[in-house]
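Chemist: Here's my sequence, what's the structure:
(2 chains)
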Amino acid sequence: MKFYRLWVLAFLLKFAGSAWDASYHFRYLFEKYSLPHILNFTGFALGAILLIFEWIGPKYMDHFSRNVTTIGYVIFLIGIPLDFSYHIKFGIDLTTWSPTHFIYYIGTGIMIVGAWRAYYLYTHNDKPTWKSLHTWFAMFLFECLVFPNMQQENGAISYDQYIHGHSIASKEILVLIKDPASQIFGGVPQWIYPTYSVLVVSLLTLVVIRLFKDRSIPLAAAVLYIICRFIGKTVFYAVHYPTSYVPITLIFIPLLYLIVKKPTWLSGLLGSVFYFLSLYYIHVSGILITPPLTIWYVVPVAVIGIAVAVIIPMIKKQQSFGQESQKAAKL
Amino acid sequence: MLPNFPFILGHVTAEPHTENIYELWLIIICDIYLVISGAIFVYQLFKVKTTRKTAINFAVALLVSCILVITFGSAWDLLG
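Modeler: Numbers count the residues shown, from 1 in each chain, chains lettered A, B, ... in the order given. Modelled structure (predicted):
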């Protein structure tokens, strides 16, 4: 079990490094040795060491899961020179929504899936519950999927500070800002934020429920994610770093799947609509500074919430997961 | 400058940058090699086949790309 706790530590270091990096670039442009990158790399290196040990002598991971995690590492490594060439061609991009940055997210996501699958097979005798490391792995995948939204969540507060003349961004950042309403939010349309959130969180929730037959794991993962984000926000606030809006209302999506079990489309509809309307209420009431929103976004949000809830149960479940579990039981 | 800026690609800065055509093509060619060797390696990993030769091929492509990153940038650029 220590092996998987070390994987959790590796992904936690990556999570902390990436959250720090997202905040860092709302204050500083780029420095030669960026500490958030070093922290992120520490997690990457710890995972790589664990993976190398498994390649030398397989002990805790089945071959396919080990290979899936390796695929994640390969994709991440391909992303580094590609991101560098992208910077050479277009300059430094201070956004999470850059195509080459997505290679990192995809690579990290696959790493998490591989390690999580291995953990599931390793603990095949125990029923997955929210009290196990499944919650941590689900939280890391949750974080990886919603990470691009950090641009809007950090941007919301930075934009508010900027238009009120209280920006804490460095001079080198401020001189680059010509169109703050677009640049600070990464140049992506406003409707992307809520619709993307509903898409990825609903997908993760439904897939976890289908695979583990447990509705509490996605909710526990969402709660853990929000707690981690609040801890991060407190630390950033204490050291005068840019802070971000914490997407607390995302909890409604897995919560509604827990409360309303059938029909699935109703859980999807209620979860997505509750998520958006509560977020919209926070936005218009001014309780917290949220990314910009308009009420009509509720329509695509509801459509995506229902669509995911209808499509995912229609996909035929692969038998290979069960067969792997049986193989693992024989080992 | 700014209206023509490729916001659709997700850029937020119009930061001046060096764009040397020789550098760029050299890196692009190595990137293509890296992506192809990486794709073959990933395919073999997914199929749980013997991967030694493709792993070495990918490692060579990665090494060449990393040397270019260090040459045209710095070792710190390897941290992502």
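
Chemist: Could you check the pLDDT of the residue nearest the centre of chain B?
Modeler: In chain B, the centroid-proximal residue (Cα atoms, centre = their mean) is B:Asp31; its distance is 4.3 Å. According to the prediction, B:Asp31 has pLDDT 91.

Chemist: any idea how far chain A is from it?
Modeler: As judged by Cβ to the nearest Cβ, to the nearest Å, B:Asp31 and chain A stand 6 Å apart. The way it works is simple: take the backbone N, C-alpha and C, and place the C-beta from them, glycine included.

Chemist: My read is that that residue contacts A:Ser85, right?
Modeler: Yes - using Cβ atoms under 8 Å, B:Asp31 is in contact with A:Ser85, at 5.6 Å.

Chemist: buried stuff in the host helix or strand of the residue nearest to the centre of chain B?
Modeler: Using DSSP states H and E, B:Asp31 sits in helix B:21-46. By neighbour count with 16 or more other Cβ atoms under 10 Å in any protein chain shown, helix B:21-46 contains the buried residues B:23, B:27, B:30-31, B:33-34, B:37-38, B:41-42, B:44-45.

Chemist: can you list the weak-confidence ranges in the chain?
Modeler: This is for chain A. With pLDDT under 70 as the threshold, chain A has low-confidence stretches at A:30-33, A:91-93, A:177, A:317-331.

Chemist: ah, no, chain B please
Modeler: Low-confidence regions of chain B, defined here as pLDDT under 70, cover residues B:1-19, B:80.

Chemist: For burial, what's the neighbour tally of B:Phe72?
Modeler: B:Phe72 has 17 neighbouring residues, counting by other Cβ atoms under 10 Å in any protein chain shown.

Chemist: residues of the longest helix along chain A that come out buried?
Modeler: If each helix of chain A is counted by residues according to DSSP state H, the longest one is helix A:63-90. Buried residues in helix A:63-90, counting neighbours by 16+ other Cβ under 10 Å, are found at A:64-88, A:90.

Chemist: cool, and stretch A:234-252?
Modeler: Of the residues in stretch A:234-252, those scored as buried under the neighbour-count criterion (16+ other Cβ under 10 Å) are A:236, A:241-252.

Chemist: and for the one helix or strand A:Val301 maps to, what are the contacting residues?
Modeler: With secondary structure defined by DSSP H and E, A:Val301 is part of helix A:298-314. Around helix A:298-314, the neighbours that count as contacts under Cβ atoms under 8 Å, 6 or more residues apart in numbering or on different chains are A:191, A:194-195, A:198-199, A:202-203, A:206-207, A:210, A:253, A:264-265, A:267-269, A:271-273, A:275-277, A:280.

Chemist: how about the CA coordinates for that helix, as CSV?
Modeler: The C-alpha atoms that make up helix A:298-314 are tabulated as CSV, following Å, rounded to 0.1, in the frame of the first residue of the first chain:
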residue,chain,number,x,y,z
VAL,A,298,-28.1,27.4,-18.5
VAL,A,299,-29.4,25.9,-21.8
PRO,A,300,-26.1,24.4,-23.1
VAL,A,301,-25.2,23.4,-19.6
ALA,A,302,-28.5,21.5,-19.2
VAL,A,303,-28.2,19.9,-22.6
ILE,A,304,-24.7,18.6,-21.9
GLY,A,305,-25.8,17.4,-18.4
ILE,A,306,-28.6,15.3,-19.9
ALA,A,307,-26.6,14.2,-23.0
VAL,A,308,-23.7,12.8,-20.9
ALA,A,309,-26.2,11.1,-18.6
VAL,A,310,-28.0,9.5,-21.5
ILE,A,311,-24.9,8.5,-23.7
ILE,A,312,-22.6,7.0,-21.0
PRO,A,313,-25.0,4.3,-19.8
MET,A,314,-25.6,3.3,-23.5
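
Chemist: just how off-centre is it within its chain?
Modeler: Average the C-alpha atoms of helix A:298-314, do the same for its chain, and the two points are 20 Å apart (Cα atoms, centre = their mean, to the nearest Å).

Chemist: And for stretch A:235-246?
Modeler: 19 Å.

Chemist: and that stretch with chain B, contact?
Modeler: No - with Cβ under 8 Å from any Cβ of the partner chain as the threshold, stretch A:235-246 lies outside contact range of chain B, at a closest distance of 14.1 Å.

Chemist: Straight-line length of that stretch, end to end?
Modeler: Using Cα to Cα, to the nearest Å, the end-to-end distance of stretch A:235-246 comes to 14 Å.

Chemist: still on that earlier bit, out of the buried residues of stretch A:234-252, name the ones that lie in helices.
Modeler: A:236, A:252.

Chemist: Just send the buried residues of stretch A:234-252 back as TSV, with distance to B:Ala75 too.
Modeler: TSV is the format used below for the buried residues of stretch A:234-252 (distance: Cβ to Cβ, whole Å):
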residue	distance to B:Ala75
A:Phe236	28
A:Tyr241	26
A:Pro242	27
A:Thr243	31
A:Ser244	30
A:Tyr245	35
A:Val246	35
A:Pro247	36
A:Ile248	40
A:Thr249	42
A:Leu250	38
A:Ile251	42
A:Phe252	45
